[in-house]
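# Predicted model follows, preceded by the sequence.
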Amino acid sequence: MALHQLRLRYERGPVIPDANDPTYDQQEVRRLVWVYDTALERTTYDNSQAFYILRNFENAPPDEELAAGVFATRCLGTTLRSYSYDPSVLDGNLVAQGVSYSDEADSPACPYVPPVDPDPEPDPEPEPDPVPGQCGDPDATNYVVGGTDNSVCLYAPRWRALWPQLKVRLANFEGNPKAFLSAEVWAGFPTGHPYAAAKTMAKVADMRATVSPVTGQAEFDLGPYLQPLLPRLDANSPTALTSDLLLGYELRSRGAVWERGYAVNAAVGDAQLFTGKQLTPFASLPGWHGYDYQVAELGTDATGKFGVIESYPAPVSHYLSCPQYPVPVMWLDRSGGYGYWVFGGKHDPGLLAPEGQGFIEAQTREQRLSSRPGARRTLLLRSGYFGGQALIDGLLTLRECIQAWAQLDGPDSPWVPVLVEAGESTNYRIGQRRFEFNTKVTEAAPRHVQGQ
């Protein structure tokens with residue numbers, strides 16, 4: 001202990017009379033304390049504590065005095081320093097009056113302990129014995145210490161859904177004096193990834209999360225830091241089926257990567273995402289000769305190490321005939337990717353012309369329009385007849401999507417954002433063998449209107 005009380009005094013002040021009862025007269029008493037700090041080797045003085053006693057209470061707390069002689073010792077290396085007190089010379093000054101010390105070199109009470117210097121040339125960690133035929137990449141699922149053959153490595157990239165949240169839990173570590181954990185969020189694609197040119201891996205944020213006293217874990221939500229880094233999905237984007245759909249991420253803490261994976265730009269459950277998962281609503285993919293389109297699924301690159309969205313032409317289905325009047329449609333599907341269909345029936349084109357702001361011409365009494373919102377093209381799409389109830393179930397996801405595009409001017413024309421008509425529809429009749437799906441779409445953007 002570094003603090004030692006040397007002297008305690010009680011100093012009485014003036015009496016405060018009580019007009020009604022003299023026995024309740026009060027008297028102020030101030031407590032005076034001298035304390036010596038062996039770490040700073042100085043005396044401190046405190047007279048800030050005061051209280052009141054009744055006048056007829058004669059037994060005030062007694063003064064205290066440290067006995068003369070040695071009251072503390074401490075080791076300074078191998079030297080023993082002893083502190084002595086002489087009460088006759090202590091006064092109210094904030095100095096070491098009344099206290100002196102003496103040193104004893106090489107004291108048995110302070111044995112010499114030589115300092116431990118780090119080895120300037122530590123022995124290197126021994127190399128592990130080589131293990132031929134085994135994987136030596138720590139990121140692989142079949143990693144073996146000392147493995148020499150990375151051609152046999154197996155990988156299983158972790159897939160997570162980005163929306164609405166992407167949470168990672170870290171366990172608290174032993175000896176952590178704080179109630180939180182710190183971590184770094186990294187985003188992009190690692191070196192060697194096929195999409196690394198789109199966005200290289202880099203730190204995007206520092207995070208802190210409170211450790212739960214129940215679970216002993218801290219929960220980090222990476223979603224708000226990753227979501228702004230992915231674009232809004234657009235069928236016209238050249239990377240709509242590749243790097244627009246995913247983003248690599250890492251959560252690093254205490255010099256280690258605690259979770260590494262790929263976030264899919266979709267609001268789906270993590271359990272729905274696994275390697276080989278097709279991002280399409282159809283169990284059997286529709287396709288037509290001359291109208292091949294790309295579908296996407298979760299997979300890995302040629303090395304099997306990095307997670308990618310694999311894109312390939314859809315196979316031709318025996319359920320469908322070649323469409324006579326093709327209108328391709330794409331939409332955001334709840335599976336995490338895009339739905340696709342070529343409507344090949346006889347469609348009904350139309351125009352949605354909204355009402356304008358009218359007025360009556362004063363001279364001619366003619367009704368005129370001062371302004372009018374732009375018109376939008378509409379199209380009642382008809383699929384034509386086909387076999388296979390699974391395709392109907394997939395097409396129904398078009399009715400519930402939030403974003404769709406159509407090539408209103410036929411295949412190879414630009415994708416135009418459209419709104420899918422809301423409302424109830426009859427899907428099919430149970431027992432039938434031929435199916436047809438019809439729905440109405442409207443251009444999302446209005447046409448320009450001439451004004452005057």
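Sure, I can see it.

# Val327 contacts Trp341, doesn't it?
No - using Cβ atoms under 8 Å, Val327 makes no contact with Trp341, being 9.1 Å away. For every residue, glycine as well, the C-beta is placed using N, CA and C.

# ok now do the residue nearest the centre of the chain, which residues does it touch?
Taking Cα atoms, centre = their mean, the centroid of the chain lies closest to Leu222, which sits 1.6 Å from it. Neighbouring residues of Leu222 by Cβ atoms under 8 Å, 6 or more residues apart in numbering: Leu166, Lys167, Val168, Val185, Tyr249, Leu251, Ala263.

# how about it, phi and psi?
The phi/psi pair for Leu222 (degrees, to the nearest 10) reads phi -80, psi -10.

# Could you check how far it is from Trp258?
12 Å (Cβ to Cβ, to the nearest Å).

# Which neighbours do the two have in common?
Val168, Leu251.

# Walk me through the domains of this structure.
The record's domain parsing of the chain by automatic domain parsing lists 3-104, 155-272, 319-443.

# Now render those domains as CSV, adding distance to Gly304 and mean pLDDT.
Formatted as CSV, the domains of the chain follow (distance: least, Cβ to Cβ, whole Å; pLDDT from 0 to 100):
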stretch, distance to Gly304, mean pLDDT
domain 3-104, 62, 72
domain 155-272, 5, 90
domain 319-443, 21, 84
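
# Out of those domains, which is closest to Pro124?
Closest of these to Pro124 is domain 155-272, at 20.1 Å (criterion: Cβ to Cβ).

# Point me to the helix or strand that includes the nearest residue to Val99 once chain neighbours are set aside.
Setting aside the residues directly before and after it, Val99 is nearest to Tyr36 in space (Cβ to Cβ, 6 or more residues apart in numbering), at 5.3 Å. Following DSSP states H and E, the helix or strand that holds Tyr36 is strand 26-37.

# From the contact counts, what lies against that strand?
In terms of contacts (3 or more Cβ pairs under 8 Å, 6 or more residues apart in numbering; DSSP states H and E), strand 26-37 is packed against strand 3-16, strand 42-54.

# residues in contact with the closest residue to His4 other than its chain neighbours?
Spatial nearest neighbour of His4, chain neighbours left out: Tyr36 (5.0 Å); criterion: Cβ to Cβ, 6+ apart. By Cβ under 8 Å, 6+ apart, the residues touching Tyr36 are Leu3, His4, Leu6, Arg42, Thr43, Thr44, Ala72, Tyr83, Tyr85, Ala96, Val99.

# just these now: which is nearest Phe274?
Phe274 lies nearest to Leu3 out of those, by Cβ to Cβ, at 64.5 Å.

# re the thing from before, tell me which residues of the strand holding Tyr36 come out buried.
Gln26, Gln27, Val29, Leu32, Val33, Trp34, Val35, Tyr36 (16 or more other Cβ atoms under 10 Å).

# ok, the residue nearest to Val99 to Gln407 distance?
Counting by Cβ to Cβ, the gap from Tyr36 to Gln407 is 91 Å.

# quick one: the helices in the stretch 351-452 of the chain?
389-399 (DSSP state H, counting those that start in this stretch).

# next one: stretch 156-169 to chain centre, how far?
Offset of stretch 156-169 from its chain centre (Cα atoms, centre = their mean, to the nearest Å): 10 Å.

# Endpoint to endpoint, it covers what distance?
The first and last residues of stretch 156-169 sit 20 Å apart, counting by Cα to Cα, to the nearest Å.

# Contacts for it, please.
If you take Cβ under 8 Å, 6+ apart as the criterion, stretch 156-169 is touched by 141, 215, 217-223, 226-227, 230, 247, 249, 251, 258-270, 272-275, 277, 298, 300, 306-307, 336.

# Can you say which of those residues are buried?
Those of the contacts of stretch 156-169 that meet the buried threshold are 218, 220, 222-223, 226-227, 230, 247, 249, 251, 258-266, 268, 273, 275, 277, 298, 300, 306-307, 336, by 16+ other Cβ under 10 Å.

# Run a quick neighbour tally on Ile309.
22 (other Cβ atoms under 10 Å).

# Which neighbouring elements make contact with the strand or helix carrying it?
For Ile309, the host element (DSSP H and E) is strand 307-313. Under the contact criterion of 3+ Cβ pairs under 8 Å, 6+ apart, strand 307-313 touches strand 246-253, strand 294-300.

# export those to a markdown table and tack on distance to Tyr312?
Output for the helices and strands packed on strand 307-313, formatted as a markdown table (distance: least, Cβ to Cβ, whole Å):
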| stretch | distance to Tyr312 |
| --- | --- |
| strand 246-253 | 16 |
| strand 294-300 | 7 |
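
# ok, now which ones touch Glu127?
Glu127 neighbours (Cβ under 8 Å, 6+ apart): none.

# I'd like to know how far it sits from Gly147.
Relative to Gly147, and taking Cβ to Cβ, Glu127 is found at 13 Å.

# Same check on Ala267?
Counting by Cβ to Cβ, the separation of Ala267 from Gly147 is 39 Å.

# so Pro224 sits in a helix?
Yes - assessed with DSSP: H, G, I helix; E, B strand; the rest coil, Pro224 lies in a helix.

# Figure out how far stretch 411-422 is from the centre of its chain.
Relative to its chain's centre, stretch 411-422 lies at 34 Å (Cα atoms, centre = their mean).

# And the contacts of it?
234-236, 291, 326, 328-331, 342, 398-399, 401, 403-408, 439-445.

# For that stretch, buried residues please.
Using 16+ other Cβ under 10 Å as the test for burial, stretch 411-422 gives Trp415, Val416, Val418, Val420.

# Bridged to the nearest residue to Gly13 once chain neighbours are set aside, which residues?
Of all residues not flanking Gly13 in the chain, Glu28 sits nearest, at 3.6 Å (Cβ to Cβ, 6+ apart). Beta-bridge partners recorded for Glu28 (DSSP bridges): Tyr52.

# and the closest residue to Pro17 other than its chain neighbours, how many neighbours?
Counting by Cβ to Cβ, 6+ apart, Pro17 lies nearest to Asp25, which is 5.3 Å off, once chain neighbours are set aside. For Asp25, the neighbour count with other Cβ under 10 Å is 14.

# Does Asp25 touch Pro14 like I think?
No - counting by Cβ under 8 Å, Asp25 does not reach Pro14; the two are 10.5 Å apart.

# coming back round to it: of the contacts of stretch 411-422, buried ones?
Among these, the ones that count as buried by 16+ other Cβ under 10 Å are 235, 291, 328-331, 342, 398-399, 401, 403-408, 439-441, 443.

# So which of the residues you listed belong to strands?
Counted as lying in strands by DSSP state E, out of the buried ones among the contacts of stretch 411-422, are Pro328, Val329, Met330, Trp331, Val342, Ala404, Trp405, Ala406, Thr439, Lys440, Val441, Glu443.

# Among those, list the two that are farthest apart in space.
Val342 and Glu443 (19.0 Å).
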